[in-house]
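**Student:** Just to be clear, the model below is a prediction. Sequence and coordinates:
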Amino acid sequence: MSGLSALVVAAGLLTAPGAVAQEGAAQGVAAIPPGYYNGTAGLTGEALKSELNDIISVSTRLSYSQVWTALMVTDQDPNNSNNVILLYGGQSRAKSLNGGAVGNWNREHVWAQSHGDFGTTAGPGTDLHHLRPEDVQVNSTRGNKDFDNGGSAVSGAPGSYTDSNSFEPRDAVKGDVARMILYMAVRYEGEDAFADLETNDTAGNGSVPFHGRISVLLDWNAEDPVSTSEANRNDIIYEDYQGNRNPFIDHPEWAEAIWG
């Protein structure tokens with residue numbers, strides 16, 4: 001986990017709902033611009049969710065082709081600049097192996113495209129805050145399943161499991177997955193001609209604009225703190241691509257403040 005939020009959560013002392021951590025350079029890993037979250041102090045529940053939507057909806061949309069290049073930057077292997085790190089498997093794979101063939105990596109929509117039927121439309125379909133590199137076959141195994149615990153081991157993604165209607169990522173990225181889903185549920189509220197994306201506590205949502213299971217996602221958010229790479233990724237997306245941030249990386253405690 002990063003910065004002040006890391007220390008607070010690691011100590012088991014969650015910041016009071018709606019409280020704003022110190023921003024700017026003193027934040028540590030996450031470079032939150034001073035004043036970015038103005039207006040959120042003291043808010044919880046739907047009021048906080050609405051205020052965050054207003055803040056993070058000010059963003060630049062990428063094309064789906066631009067996502068290829070962006071992911072090579074946001075998910076670059078820190079130990080090998082020629083590679084990216086795959087989300088569910090954790091492997092380092094050559095950037096040049098992007099595509100649709102066996103052994104390639106492609107663009108995984110963590111919030112499944114069919115959950116809201118947005119496809120690859122500029123907006124939710126190209127939002128870097130929930131798009132990650134993943135092995136083609138593992139991406140297919142995940143499909144449009146909701147997130148939950150349990151199932152059988154996933155070939156090609158050590159530590160991940162799946163069953164008929166859900167997918168469990170490896171422990172090291174459970175929190176990452178949760179915070180990406182929560183971001184999408186706040187960012188897309190039925191505005192901009194896109195579906196109102198919401199979380200629920202169901203596995204097997206299919207094509208409705210819901211994603212679950214929220215009870216499990218909240219657990220994962222608490223159990224897997226924000227890593228340095230996750231915080232750095234948030235900074236890169238904000239500074240170089242979209243101009244908006246994932247508030248649950250900057251303030252993981254807001255997940256409970258809204259859905260707890």
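**Tutor:** Perfect, thanks for sending it. Residues are numbered from 1 along each chain as shown.

**Student:** What sits closest to L62 if chain neighbours are left out?
**Tutor:** T126 (4.6 Å; CB to CB, 6 or more residues apart in numbering). Where you see a C-beta, it was placed from the backbone N, CA and C, and this is true even at glycine.

**Student:** make that A153, sorry
**Tutor:** Leaving aside its sequence neighbours, A153 sits nearest to Y161 (CB to CB, 6+ apart; 6.0 Å).

**Student:** re the thing from before, which residues does the residue nearest to L62 contact?
**Tutor:** Counting by CB atoms under 8 Å, 6 or more residues apart in numbering, T126 makes contact with 61-64, 66-67, 120.

**Student:** Throw those into JSON lines and include distance to A231 and neighbour count, thanks.
**Tutor:** Output for the contacts of T126, formatted as JSON lines (distance: CB to CB, whole Å; neighbours: other CB atoms under 10 Å):
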{"residue": "R61", "distance to A231": "23", "neighbour count": "14"}
{"residue": "L62", "distance to A231": "21", "neighbour count": "20"}
{"residue": "S63", "distance to A231": "26", "neighbour count": "11"}
{"residue": "Y64", "distance to A231": "26", "neighbour count": "14"}
{"residue": "Q66", "distance to A231": "23", "neighbour count": "14"}
{"residue": "V67", "distance to A231": "21", "neighbour count": "20"}
{"residue": "T120", "distance to A231": "27", "neighbour count": "16"}
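
**Student:** Just these: which are in helices?
**Tutor:** 64, 66-67 (DSSP state H).

**Student:** Number of residues surrounding G190?
**Tutor:** By other CB atoms under 10 Å, 12 other residues sit near G190.

**Student:** ignore the last one, G260
**Tutor:** Counted with other CB under 10 Å, the neighbours of G260 add up to 16.

**Student:** wait, it sits on L217?
**Tutor:** No. Taking contacts as CB atoms under 8 Å, G260 lies outside contact range of L217: 11.3 Å.

**Student:** What's the biggest helix in this structure, counting residues?
**Tutor:** Max-length helix for the chain by DSSP H is helix 174-187.

**Student:** Run through the neighbouring helices and strands of that helix.
**Tutor:** Judged by 3 or more CB pairs under 8 Å, 6 or more residues apart in numbering; DSSP states H and E, the packing partners of helix 174-187 are helix 45-56, strand 146-147, strand 198-199, strand 210-211, helix 214-223, helix 228-236, helix 247-250, helix 254-259.

**Student:** helices or strands next to the third one in the packing?
**Tutor:** Right, the one you point to is strand 198-199. With contacts taken as 3+ CB pairs under 8 Å, 6+ apart, strand 198-199 sits against helix 174-187, strand 210-211.

**Student:** deepest of those, which one?
**Tutor:** Among those, helix 174-187 has the highest mean neighbour count (mean count of other CB atoms under 10 Å), at a mean of 26.

**Student:** isn't there a strand covering N106?
**Tutor:** Yes. N106 forms part of a strand when assessed by DSSP: H, G, I helix; E, B strand; the rest coil.

**Student:** looking at it, it is touching Q137, isn't it?
**Tutor:** No. In this structure, N106 is not within contact of Q137 by CB under 8 Å, at 9.9 Å.
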